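> Sequence and predicted structure, then a few things I'm wondering about:
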Amino acid sequence: MKKILLLATTHIAVLALGFGLGVYFLPILVAQRAPDAAALARAAKNATYTATFKKDLPGSDAVHWGTGTISVTQQRIVHQGELAPGPDYRIYLAPTYVDTDEGFRAIKAQSVPLGAIKSYHGFITQVPAGVDIEKYNTVVIWCEAFGKLITAGKYR
């Protein structure tokens with residue numbers, strides 16, 4: 001009986017470890033190649049607003065963070081920096097600055113989703129027609145799969 005219990009425990013532990021590693025590494029393996037630095041710089045040129053993503057937000061932690069500069073124009077959002085890899089990241093424009101999971105959940109309905117994040121080393125996201133960046137003041141990166149704030153930056 002002890003042998004069966006030991007085998008069951010070790011197999012469950014290995015299964016849990018494998019699942020956890022898969023959740024972490026799969027997004028890295030399927031991530032799109034980031035635009036090169038020159039393309040990011042060209043897209044960020046003449047930005048209407050800029051913001052900074054910081055690693056030390058109250059809602060961030062060792063595996064949920066972002067760093068770098070966000071450039072905002074009426075046509076696009078450009079990130080020059082790095083995001084911790086993870087599944088199902090989305091970029092939002094929010095009407096007020098938030099830096100915690102609870103804070104974003106409270107205003108998510110008033111925020112506008114711009115699309116999925118497919119690269120962790122910089123990206124360019126188009127602002128859909130009809131979205132006025134002046135109605136918002138914060139760019140939020142949110143993990144839909146786990147309901148977790150990755151990072152946020154106030155641009156105005």
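Received, thanks.

> For the nearest residue to T69 once chain neighbours are set aside, which residues are in contact?
Distances taken as CB to CB, 6 or more residues apart in numbering place Q80 nearest to T69, at 5.0 Å, with adjacent residues excluded. C-beta here means a position set from N, CA and C on the backbone, and glycine is covered the same way. Applying CB atoms under 8 Å, 6 or more residues apart in numbering, we find Q80 in contact with 37, 40-41, 44, 68-69, 71, 122.

> and S60, how many neighbours?
Neighbour count of S60, defined by other CB atoms under 10 Å: 22.

> from what I can see it touches I150, true?
Yes - the pair S60 and I150 qualifies as a contact (CB atoms under 8 Å) at a distance of 7.2 Å.

> so what sits against both of those two?
Common contact partners of S60 and I150 (CB under 8 Å, 6+ apart): G66.

> Just the element for the residue most central in space within the chain, please.
Nearest to the geometric centre of the chain sits I141, at 3.5 Å (CA atoms, centre = their mean). Taking DSSP states H and E as the definition, I141 sits inside strand 138-143.

> Could I get the average pLDDT for that strand?
When pLDDT is averaged along strand 138-143, the result is 97.
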